[in-house]
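[1] Dropping the sequence and predicted coords here.
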Amino acid sequence: MTALIGIAAAALLLSACAPNPHEESPHAAAAGAAATQKAESIAPEPPTTAAPARRGAADAFRAWLDASRIPDAASSCAALSPELATRMIAELNDRGPIHVSSCEEMIAVTAELYRALDQDASVDISVQQETATDATLFVTYLATGNCGTVVMTRPASDWIITEQSQECAA
């Protein structure tokens, strides 16, 4: 919100410095006509038709992991299915003194825990299966040796994490 206010203030300041559009000097009119003639003489570039590259499930998982450690709670929670987020919140609440009520709180709290423990987010990812819409990864967290399966789906353009298991612990 603060960034949005700053951008709006900058736009307002810049518009205050702009000349009045109803008052055009002779020099500005001549310069504008010359610029128009020059622009008309340059052929426009054809539009690109290449579709943006879609990232794979492993890259999407790494992006989620990075966002969860910053923390960027909105992006992190958007990459989790609502059912998985609910299970993760319940697991966190069942394991100890920390209790959260939303995905955003969970991301913020766990990011702070990882930071306090100085725990690196490096992972080794083995893609077990990946199609255009579904993927199964095997992820090993290098700092702890914890590992497990991550199941993802891509109903549209973005990957969503639908399941995470913990299959080994250091």
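    Received the coordinates, thanks.
[2] okay, now the residue nearest to residue 132 when sequence neighbours are not counted: neighbour count?
    Distances taken as Cβ to Cβ, 6 or more residues apart in numbering place residue 154 nearest to residue 132, at 7.0 Å, with adjacent residues excluded. C-betas here are computed from N, CA, C, even on glycine. The local packing of residue 154 (other Cβ atoms under 10 Å) involves 19 other residues.
[3] isn't residue 154 right next to residue 161, touching?
    No: using Cβ atoms under 8 Å, residue 154 is not in contact with residue 161, being 10.8 Å away.
[4] and residue 150, that one's in a strand?
    Yes: according to DSSP: H, G, I helix; E, B strand; the rest coil, residue 150 belongs to a strand.
[5] Please put the alpha-carbon coordinates of the helix or strand containing residue 74 into PDB.
    Assessed by DSSP states H and E, residue 74 sits inside helix 73-78. C-alpha atoms of helix 73-78 as PDB (Å, rounded to 0.1, in the frame of the first residue of the first chain):
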ATOM      1  CA  ALA A  73       2.700 -14.600   2.000                       C
ATOM      2  CA  ALA A  74       0.300 -13.600  -0.800                       C
ATOM      3  CA  SER A  75       2.400 -15.400  -3.500                       C
ATOM      4  CA  SER A  76       3.200 -18.300  -1.200                       C
ATOM      5  CA  CYS A  77      -0.400 -18.900  -0.300                       C
ATOM      6  CA  ALA A  78      -1.600 -18.500  -3.900                       C
END
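[6] Just the mean pLDDT for whichever helix or strand comes after that helix, thanks.
    The first helix or strand that comes after helix 73-78 along the chain, using DSSP H and E, is helix 82-95. The pLDDT scores in helix 82-95 average 96.
[7] what comes up buried for helix 82-95?
    By 16 or more other Cβ atoms under 10 Å, the buried positions in helix 82-95 come out as 84-85, 88-89, 92.
[8] Cool, thanks, talk later.
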